[in-house]
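A.B. asks: just the structure for this:
(one chain, ligands or ions: 1)
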Amino acid sequence: MAPDSVIRMSRYRLLPTPDQEVGLVEHCAHARFVWNLACEQQAHWRPGRASAPGYLQQARQLTEARAEFGWLRAGSVTVQQQALRDFAQAMRNFFGGTHRRPSWRRAGRQEGFRQVAVQPEHIQRLNRKVGRVWVPKVGWVRFRCSRDLIRVEDLDIRGMTRSARGTLEQPGRGVRQKAGLNRGILANAWGGLVARLEHKAPGRVEKIHPAYTSQTCSVCGHCTPDNRESQAVFRCGACGHQANADVNAARTIAAGRVVTARGALQPPGGAVNREPQSDTCLLG
Ligand SMILES: [Zn+2]
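C.D. replies: Residues are numbered from 1 along each chain as shown. Down below sits the predicted model:
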């Protein structure tokens, strides 16, 4: 494994010992082997031939392969069967037209294995910062509870561009065309940036609804329109915190001090206290 790679359990960073890291990487290798075998069987299927083996048949083949290969047998049968189930789901997604055909997994890329339906007693919180998860054959692996969230303002891009563009019947509706165009370009660039962030940091980007962020104190959370001394200056009526209004709003968003786009009230640090529901280990 590359020295700079990070092992994650879903959104949480795992903190394995060196021995455990070897075990996790082995799970990945087994899952990859099983996945690629299933891939190969699909690739050999041609119209007219009997259908490629489904999950049940592949599960029987896995049992035979484990009987034959000691290194496969040494691994976790749960991890290996899950890779087959994941492949079967990937094929269903492919036939359903929502996903591309599952492809060959290469070592060192898209590495991972899944443990689903983890029993509640197999995930424990040790303290505020660290928890641990039971991984078959590897044992208790610690993970960091904080999620290093990236919070972004959830701009209503469609709303913004719609108001600028208007409709065919009511073009622009009094919006100055150039200003509207510029806003549209900015909103599109923002949407593109957020989409790329979500791609690079899956599960870690949280969109924060911008309502009241400009009136909310980033230090104490006090929220009132009176906090805005002027368009540019923020001064909190409760704690006296003073800052540039945009900087204060950005800090409020970063602290997650507002209602999230999902509609749930988001107290500061709330995400950290959420119980981990994770099931995926990823390297990379
Ligand atoms: Zn304040």
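A.B. asks: get me the contact residues on the stretch 151-284 of the chain for the ion.
C.D. replies: Contact residues (Cβ under 5 Å from the ion) of the stretch 151-284 of the chain with the ion: Cys217, Val219, Cys220, His222, Cys236, Ala238, Cys239, His241. Every residue, glycine included, has its C-beta placed from N, CA and C.
A.B. asks: with adjacent residues omitted, what lies nearest to the fifth one?
C.D. replies: So that's Cys236. Leaving out its chain neighbours, the residue that sits closest to Cys236 by Cβ to Cβ, 6 or more residues apart in numbering is Cys217, at 3.9 Å.
A.B. asks: equivalent analysis for the third one, please.
C.D. replies: If you skip the residues right next to it in sequence, Cys220 has Cys239 as its closest partner in space, 4.3 Å away by Cβ to Cβ, 6+ apart.
A.B. asks: any idea how many residues pack against the one you found?
C.D. replies: Applying other Cβ atoms under 10 Å, we find 12 residues neighbouring Cys239.
A.B. asks: I'd guessed Ala29 sits against Ala107; true?
C.D. replies: Yes - between Ala29 and Ala107 a contact is recorded at 7.3 Å, counting by Cβ atoms under 8 Å.
A.B. asks: so for those two, which residue has more residues nearby?
C.D. replies: Neighbour totals were compared for Ala29 and Ala107, and Ala29 leads with 16 against 12 (other Cβ under 10 Å).
A.B. asks: does that one lie in a helix or a strand, and which?
C.D. replies: Using DSSP states H and E, Ala29 falls within helix 18-43.
A.B. asks: please name every helix or strand in contact with that helix.
C.D. replies: helix 55-68, helix 77-95, strand 111-114, strand 130-135, strand 139-144, strand 280-283 (3 or more Cβ pairs under 8 Å, 6 or more residues apart in numbering; DSSP states H and E).
A.B. asks: in contact with Gln20, which residues are there?
C.D. replies: Applying Cβ atoms under 8 Å, 6 or more residues apart in numbering, we find Gln20 in contact with Val135, Val138, Gly139, Val141.
A.B. asks: the first one - how many residues pack around it?
C.D. replies: To tie it back to what came earlier, the one meant is Val135. 24.
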